[in-house]
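**Student:** Take a look and give me a structure for this.
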Amino acid sequence: MRSCMDLSEELGHGGDWRAREWYVVRKADVDLAPGNALLPSVKMGVEARQLVEGPHGLEDARMTSADHPLVKYADAFTHNFDLIAERKSSIYHLRELAKASVLAKLLLEDDELNLEDAWFEEAMRGDAGSAREIPQLWNERSRCQIRVKDGKLVDVAEGISTRRHGVYGGVQFGVEDLVGEFAAAPLFSAVTALTEEPGQYVSFSEITGGAVVAPRQPRGVDLNLDNFTLSTPTVPAAEVDGAAQACGALGSAFWSSLDAKSGSVFALEDKLWLQSLFNPNLSDRRGEGERFAPPSACPEHLSSLCLLLREEEDVRQQRKAHFLSAEFEVDSAGPLFPSTWASPFGVAREQPAAAGAAKDVRAPNAAEVARLQQALKSMAPSFDKSTEDGTRFRIYHVGRSEVRTTKDYDGEETIGAVCSRSGPVEVSKPTDVIVKATEYVEAEEGDCHFYVVMETETGNFIVTEKLRDGKVRWAANPKHLEARNSLARVTGCVECRGACATVRDIHNSEVRALLSNCDGKRYARGVFGLAQPACRKCWSALTEAQRRAAEQLGAWGAEGWDESAAEVWGREWWQLSDLQRVAAGALGASCDSWDELRRRSEAAPAAATE
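**Tutor:** The predicted structure follows:
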């Protein structure tokens, strides 16, 4: 439920307005239970009232503008009132007070009822030390804007303008007209409420708009019982089974049974329902101890609670779906999430910020989830926020990818999405030169799987692997490659700059075609060998371009290349002809690395099928 301040900002009501929220009684009845017991019932809500100038100063008038933020807030509060009252002790006891007032009104107005003196003497023995917490709205929000241009403050001479909106509430029970000479003095007033904050006094004049309320006028709760006729108690309908029966336990016995893993008096379905209702992040009713009373077993009341809980669950699922989507932004979570998630400081731009790279979001498969869960154990989240119901939303960075998780307040952390940003990448071409090759191994359903990633000079990535079904995969710039690589282990890496091996050379290699008949590990090892510099290859692993360069150099065939039988291997760099130096350069050799190419036979060149 959005606060009135959030609604004011979202709806653009930034101007001056003066209003308050009132607790009101919408409906009041007294039921006649079996045994002639009188059971009062009330339907309460919240009403927005505006401060207007009247003949006797400022007066409260009901607001009728449906698009005003306080009216929207009052409507939302009224819609959820039963749920809030069951969870919040102060609201619950306010409703109980209204019920007691309704019953008192009936007893005093019905001439046929004869009350014993004990009914009037009981009030004289009240607990003077009991807490008198009255539900009230106390909310302030300030806004200011500082203009900066070219690194300097603008309009400094005019000062910094700060706007503040405040909504305050107090209580004057106003039941004097109902109980006549037995009326008690007001327990709480709006003026008292505003002076209770330690070390600070806030007057009504500080509310935007300069409203000043006389001490004799403050109100925050209007029981409004004069509009209800209670002379005839009604007989309620029979109570339902199931959830109604689940509300039978009282005090600590209720909480013990609700927390029990076994031996609970509640059925499983009722237990889950009650645990959701009394979520400790939303409810403070446990603090009532033995004085706690469970929800009324009235069918209408229980149906209302069930409906509100379903609506609450729908919002919870909407939050998770949005968080796990590409639309979610850390700096702008949106209206589904608490306003506290947003930074209290923002930047007002004259021009919109440039859009970043597009997001690619997907749900990980079971194997990825297992690997990610292990990796996240040693990582700290970069984003960790909770909603009012205790649901936790986290973002981890694995490489340059995001891993998003959710966790219910009483549940396990669940990996929901892997997100990566995909910037504009040039289309891979067959003529692109490979500059780096990396061999990876990853866990896969109790086994291991090998694959090779080749990087080109244009920034593209080629992935090739032998799949479990026997097919060979060759893909350019596949999605989520960064996340996959971050969870795998590197088993080999080589810089290929100067080797002059192109994407076409590797793809069309006769050796790679032969490797397609091998298992996944041998295929990956063979392709990784094809991408290595010529000095690390045997003759059969050389590409066509490398073989032509070797022939130009003067080392042709397996005998001349592998066995170093060619005469050129006995020469120094300075002894090579210009044509031979060009050929050596095509093989990745230079003046500094010529000796490495000459001694390649001593380094046991890698066979393509090894």
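**Student:** Pairing partners for T464 in the sheet, please.
**Tutor:** V452, W474 (DSSP bridges).
**Student:** Tell me the first helix or strand C-terminal of the helix of greatest length in the chain.
**Tutor:** Criterion DSSP state H: the longest helix present in the chain is helix 299-323. Next helix or strand after helix 299-323 toward the C-terminus (DSSP states H and E): strand 358-362.
**Student:** by contact count, what packs against that next one?
**Tutor:** On a contact count with 3 or more CB pairs under 8 Å, 6 or more residues apart in numbering; DSSP states H and E, strand 358-362 meets strand 414-422. For every residue, glycine as well, the C-beta is placed using N, CA and C.
**Student:** Tell me the buried residues in the strand it packs on?
**Tutor:** Buried residues in strand 414-422, counting neighbours by 16 or more other CB atoms under 10 Å, are found at I415, G416, A417, V418, C419, S420.
**Student:** Stretch 429-448 too?
**Tutor:** Burial within stretch 429-448, assessed by neighbour count using 16+ other CB under 10 Å, is assigned to D432, V433, I434, V435, K436, A437, T438, E439, Y440, V441, E442.
**Student:** Show only the entries of those found in strands.
**Tutor:** I434, V435, K436, A437, T438, E439, Y440, V441, E442 (DSSP state E).
**Student:** residues contacting the last one?
**Tutor:** The one in question is E442. R371, C448, H449, Y451, R484, L487, A488, R489 (CB atoms under 8 Å, 6 or more residues apart in numbering).
**Student:** hang on, the earlier thing: what's the lowest-pLDDT member of the buried residues of strand 414-422?
**Tutor:** Least confident by pLDDT among the buried residues of strand 414-422: that is S420, with 78.
**Student:** Next one: it from A326, what distance?
**Tutor:** 10 Å (CB to CB, to the nearest Å).
**Student:** Give me the common contacts of those two.
**Tutor:** K359, D360.
**Student:** which pair in the buried residues of stretch 429-448 spans the largest distance?
**Tutor:** Across these, no pair lies farther apart than V433 and E442, at 27.1 Å, counting by CB to CB.
**Student:** returning to what we had before: could you single out the nearest of the contacts of E442 to A260?
**Tutor:** Set against A260, the nearest of the contacts of E442 by CB to CB is R371 (37.1 Å).
**Student:** Could you check what's spatially nearest to E86, not counting adjacent residues?
**Tutor:** Distances taken as CB to CB, 6 or more residues apart in numbering put P295 closest to E86, at 5.4 Å, once the chain neighbours are dropped.
**Student:** so is that neighbour in a helix, a strand, or just coil?
**Tutor:** coil (DSSP: H, G, I helix; E, B strand; the rest coil).
**Student:** For M44, pull up the helix or strand it's in.
**Tutor:** Using DSSP H and E, M44 falls in strand 37-54.
**Student:** Identify each buried residue in that strand, please.
**Tutor:** Here strand 37-54 shows 39-51 as buried, counting by 16+ other CB under 10 Å.
**Student:** shaky segments in the protein?
**Tutor:** 4-5, 7-19, 122-145, 155-249, 343-358, 421-426, 497-500, 510-511, 563, 600-610 (pLDDT under 70).
**Student:** which residues of the stretch 51-200 of the chain fall in helices?
**Tutor:** 69-79, 81-87, 89-109, 118-121, 176-179, 190-194 (DSSP state H, counting those that start in this stretch).
**Student:** distance between the longest one and the chain's centre?
**Tutor:** Think helix 89-109. 40 Å (CA atoms, centre = their mean, to the nearest Å).
**Student:** where do the helices sit along the stretch 351-500 of the chain?
**Tutor:** Under DSSP H, counting those that start in this stretch, the stretch 351-500 of the chain gives helices at 366-376, 481-487.
**Student:** ok, residues contacting the first one?
**Tutor:** Under the criterion CB under 8 Å, 6+ apart, residues 364, 396, 398, 403, 405, 415, 418, 442-445, 483-484, 486-487 lie in contact with helix 366-376.
**Student:** How about the last one?
**Tutor:** Contacts with helix 481-487, where a contact means CB under 8 Å, 6+ apart, come from 368, 371-372, 375, 398-401, 403, 418, 420, 438, 440, 442, 453, 461, 463.
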